[in-house]
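Visitor: My questions concern the predicted model and sequence given below.
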Amino acid sequence: MTQRALDSSGERPDPVPTSPAPAPPGGLTTAEVAERVARGEVNDVPVRSSRSVTEIVRANVLTRFNLIIGVLWVVMLFVAPIQDSLFGFVIIANTGIGIVQEWRAKKTLDSLAVIGEAKPTVRRDGAAAEVSVSEIVLGDLVELGPGDKAVVDGTVVEADSLEIDESLLTGEADPVVKRPGDPVMSGSFVVAGGGAFTATRVGREAYAAQLAEEASRFTLVRSELRSGISTILKYVTWMMVPTAIGLIISQLVVKDSNFKDSVARTVGGIVPMIPEGLVLLTSVAFAIGVIRLGRKQCLVQELPAIEGLARVDIVCLDKTGTLTEGGMDVTEVRPLNDSDEDYVRRVLGALGASDPRPNASLQAIIDACPDGEGWDVTQAVPFSSARKYSGAAFAEGDGDASAWLLGAPDVLLPPDDPALTETVHLNEQGLRVLLLARVRGELDAPDAASEAVPTALVVLEQRLRPDAGQTLAYFDDQNVAAKVISGDNAVSVGAVAQKLGMPGAEHALDARRLPEDRDEMATEIERNAVFGRVTPQQKRDMVGALQSRGHTVAMTGDGVNDVLALKDADIGVSMGSGSEATRAVAQIVLLNNSFATLPSVVAEGRRVIGNITRVATLFLTKTVYSVLLAILVVCFQVEYPFLPRHLTLLSTLTIGVPAFFLALAPNKERARPHFVHRVMRYAVPSGTIAAAATFTTYLLARHHYAGTGALDAETSAATLTLFLVSMWVLAIIARPYTWWRIALVATMGLCFLVVLAVPWLQDFFALKLVGTTMPWAAVGIAAVAAAVLELAWRLVGRRFPT
């Protein structure tokens with residue numbers, strides 16, 4: 001993630017207030033907000049979810065290969081018939097398709113980004129209201145609660161046990177307790193407590209705008225597919241330049257033939273060296289993937305996430321909000337040590353009323369115990385995922401004082417407490433259990449938890465997501481290991497996972513017993529599937545341990561305790577209902593909060609990677625045989641056998657049209673690494689065989705034909721061989737066959753037969769087979785080449801396995 005500029009001491013400077021007057025308790029007035037807007041003191045940095053239309057057009061039009069082809073096209077328009085300039089019109093059409101598809105993807109992302117946009121709460125005219133990030137002005141009083149992200153820099157005005165995690169900015173793992181007057185760095189997030197701060201830096205002065213823009217940008221970076229294609233294009237350029245220069249000298253200087261015809265044949269040799277459609281199809285495949293996922297309410301904040309999730313071999317799941325729905329129900333309040341149930345429910349109601357932003361567990365308690373009025377809160381300890389409990393001290397209505405903790409029984413109770421036995425039995429049923437304990441001394445005393453007296457067990461039932469079991473079964477079927485890592489009790493988490501049919505769920509492991517050594521930790525994580533009592537830092541460590549073993553790890557979550565692991569995972573997936581902080585660091589946001597959407601993302605990524613690998617082999621086979629043919633022509637000092645129209649026809653029928661359909665077809669093949677290696681290991685032998693067969697036919701035809709029209713007859717024979725060999729490459733790549741793939745290959749072959757059979761098409765493409773001997777010889781050479789192709793592909797598959 002982008003880091004803010006450091007000062008001369010190497011430290012990130014604290015926000016410097018540009019408005020000395022603190023915000024009043026009621027916030028700014030409407031008039032004050034209007035004044036600041038008029039002065040331009042507004043958080044006006046645009047948050048973009050995609051490239052602008054101008055950037056899309058520029059990226060598709062202003063490319064190195066488009067420049068080369070454009071120059072050659074202009075030359076051909078002046079020296080040759082229009083049919084030799086068809087390649088230029090094809091490039092225009094391809095570029096137009098790329099622009100339209102990326103524009104559609106942009107519209108989809110923009111609309112989804114609005115749905116998923118964080119809405120900070122600001123206090124204006126004494127009332128709290130949600131506004132968009134861009135509507136915050138300098139001096140605004142911004143309220144904070146658990147899971148909220150600071151979207152601008154500021155200074156704390158109110159703090160109620162406010163703890164802020166700044167690890168995404170500073171690397172400091174421990175939350176920082178904030179008090180009035182302390183600075184708040186934009187990009188940090190609240191892990192416990194609440195409060196408010198005055199915005200002191202907005203717009204381009206604040207770091208938050210950079211964070212938000214970075215988090216939701218339509219980006220093509222860190223993609224093996226994109227970097228692999230860039231590597232291939234770099235090598236193609238190196239090969240193309242000297243070969244093209246040699247071809248130009250050979251055709252225009254050495255050969256004493258018609259100048260315009262020589263120019264046409266030179267261009268015909270250079271154009272097919274360029275895999276012009278490869279980048280286009282990759283962009284289109286990604287763009288269509290974004291559109292398809294957008295229809296399922298899946299926001300892709302970083303484009304390579306589609307590809308990345310397809311490469312994942314381990315997915316780490318947070319139980320709450322992922323396997324279970326956010327809500328819970330209190331099924332029982334079980335008093336301990338002869339406690340009065342009515343009094344216990346009153347305490348629970350007061351604890352619920354003491355928290356302005358209750359989590360799902362506390363909200364269930366509030367719904368079950370609504371009688372929480374009349375007790376004054378004198379002190380509060382907000383819930384923290386690291387502590388595993390919350391608490392509050394009250395002045396009761398009759399004048400008595402009491403202090404209470406509510407949290408995990410196995411954290412608050414000693415190991416030999418009999419209440420833990422009851423807790424284990426409940427956990428084994430998949431129920432969540434909280435302990436209500438009375439504190440004997442001060443609530444903030446160091447030994448408050450250890451000295452607390454057990455008062456009651458609160459039993460909560462978690463609502464399983466109806467589609468979670470099917471999704472887990474999908475990952476198991478696809479050989480993707482699922483790991484449940486939760487802060488809840490390990491036995492309870494294991495019981496929930498067992499209800500969903502998750503393999504290995506019967507052996508849940510308490511994360512407090514995990515070794516600290518990374519290698520030993522990785523071994524334990526690989527061996528087990530369900531982990532409970534995992535702290536936020538442990539989640540991060542577990543992800544890192546798996547990555548150290550070479551695993552590609554996805555992490556799903558919705559709570560503030562998942563943020564660190566989401567950031568470090570190869571792919572972070574957040575629920576749309578999750579905290580602002582989780583949505584900001586995740587690459588994929590499931591706006592419909594449905595875990596069942598993940599298989600669609602995996603399938604989309606596999607479609608993109610698998611199909612682009614297929615079609616890249618087609619494009620690069622053409623590049624290899626074009627370069628080799630040019631080299632052979634230079635070495636043998638003969639005319640280049642093809643005009644641009646011939647290779648335009650061949651490229652369209654054996655690459656362009658089939659590649660478009662193959663790139664968008666379903667593909668469930670597991671994504672594998674080493675894209676460049678896997679493509680080139682087939683493209684090089686295929687291109688070499690095609691070039692050898694074609695040039696052999698061409699040389700035989702030069703000896704067979706003589707007199708006027710001999711060059712056209714030689715070209716037609718060579719074209720026939722090259723088409724048949726290219727068709728065989730297509731037929732191999734189209735495997736495994738389905739009815740539509742067979743129909744696709746057959747249709748391309750039929751189109752070529754039509755060109756050979758219809759007189760005006762023969763004239764248009766300058767293709768006319770003369771006699772029977774040479775055409776049948778061309779077919780025979782192509783048949784031998786096809787057999788060699790089959791043998792080569794099998795040998796390559798055995799010699800260089802993926």
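Guide: That came through fine.
Visitor: Give me the mean pLDDT for stretch 83-102.
Guide: In this model, stretch 83-102 has an average pLDDT of 76.
Visitor: Buried residues of it, list them for me.
Guide: Within stretch 83-102, the residues that count as buried by 16 or more other C-beta atoms under 10 Å are 83-88, 90-91, 94-95, 97-99, 101-102. Backbone N, C-alpha and C define where each C-beta goes, glycine included.
Visitor: So which residues make contact with it?
Guide: Contacts to stretch 83-102, defined as C-beta atoms under 8 Å, 6 or more residues apart in numbering, come from residues 51, 56-57, 59-61, 66, 69-70, 72-73, 76-77, 264, 267-268, 271, 276-277, 280, 283-284, 287-288, 291, 643-645, 647-648, 651-652, 656, 764-766.
Visitor: same deal with stretch 412-429?
Guide: 334, 336, 389, 405, 409-410, 433, 435, 437, 449-450, 452, 454, 457, 459, 489, 491-492, 495.
Visitor: Tell me which of the residues you listed fall in strands.
Guide: Judged by DSSP state E, the contacts of stretch 412-429 include 334, 389, 405, 433, 435, 437, 454, 457, 459 as members of strands.
Visitor: what's across from the third one in the sheet?
Guide: In this case it means residue 405. For residue 405, the beta-bridge partners under DSSP bridges are residue 391, residue 437.
Visitor: distance of it from residue 444?
Guide: 11 Å (C-beta to C-beta, to the nearest Å).
Visitor: any residues in contact with both of the two?
Guide: By C-beta under 8 Å, 6+ apart, the residues touching both residue 405 and residue 444 are residue 381.
Visitor: Stretch 230-247: how far from the chain's middle?
Guide: Relative to its chain's centre, stretch 230-247 lies at 32 Å (C-alpha atoms, centre = their mean, to the nearest Å).
Visitor: picking that back up, more neighbours: residue 405 and residue 444, which one.
Guide: residue 405 (25 against 14; other C-beta atoms under 10 Å).
Visitor: Pick out the residue nearest the middle of this structure.
Guide: Among the residues of the chain, the one closest to the centroid is residue 305, at 1.4 Å (C-alpha atoms, centre = their mean).
Visitor: Could you give the secondary structure assignment for it?
Guide: Here residue 305 is recorded as helix under DSSP: H, G, I helix; E, B strand; the rest coil.
Visitor: Please report how far the closest residue to residue 724 other than its chain neighbours lies from residue 719.
Guide: Take residue 724 and drop its neighbours on the chain: the residue closest to it by C-beta to C-beta, 6 or more residues apart in numbering is residue 782, 3.6 Å away. Using C-beta to C-beta, residue 782 is found at 11 Å from residue 719.
Visitor: Which of these two has more residues huddled nearby?
Guide: Legend: neighbour count by other C-beta under 10 Å for residue 782 and residue 719, higher for residue 719 (28 against 23).
Visitor: What pLDDT is listed against the more buried one?
Guide: Model confidence at residue 719 (pLDDT) stands at 93.
Visitor: show me what contacts it?
Guide: By C-beta under 8 Å, 6+ apart, the neighbours of residue 719 are 641-642, 646, 650, 767.
Visitor: what about it, distance to residue 694?
Guide: From residue 719 to residue 694 the distance is 8 Å (C-beta to C-beta).
Visitor: hey, what's in contact with both of these two?
Guide: In contact with both residue 719 and residue 694: residue 641, using C-beta under 8 Å, 6+ apart.
Visitor: what about the closest residue in space to residue 395 that isn't next to it in sequence, distance to residue 405?
Guide: What sits nearest to residue 395 in space, not counting adjacent residues and going by C-beta to C-beta, 6+ apart, is residue 376, at 4.4 Å. Here the criterion is C-beta to C-beta. By it, residue 376 lies 18 Å from residue 405.
Visitor: what sits against residue 755?
Guide: So residue 755 contacts 649, 761-762, 765, 767 (C-beta under 8 Å, 6+ apart).
Visitor: ok, now residue 570?
Guide: 308, 311-312, 547, 552-554.
Visitor: Apply 6 Å and report the result again.
Guide: 308, 552-553 (C-beta atoms under 6 Å, 6 or more residues apart in numbering).
Visitor: May I ask which of the residues you listed has the most neighbours?
Guide: Most surrounded of those: other C-beta under 10 Å gives residue 308, at 26 neighbours.
Visitor: Residue 69 versus residue 75, what's the distance?
Guide: From residue 75 to residue 69 the distance is 11 Å (C-beta to C-beta).
Visitor: okay, these two: which has more neighbours?
Guide: A side-by-side neighbour count of residue 75 and residue 69, using other C-beta under 10 Å, places residue 69 first with 21 against 15.
Visitor: That one: what secondary structure?
Guide: Assignment for residue 69 (three-state DSSP): helix.
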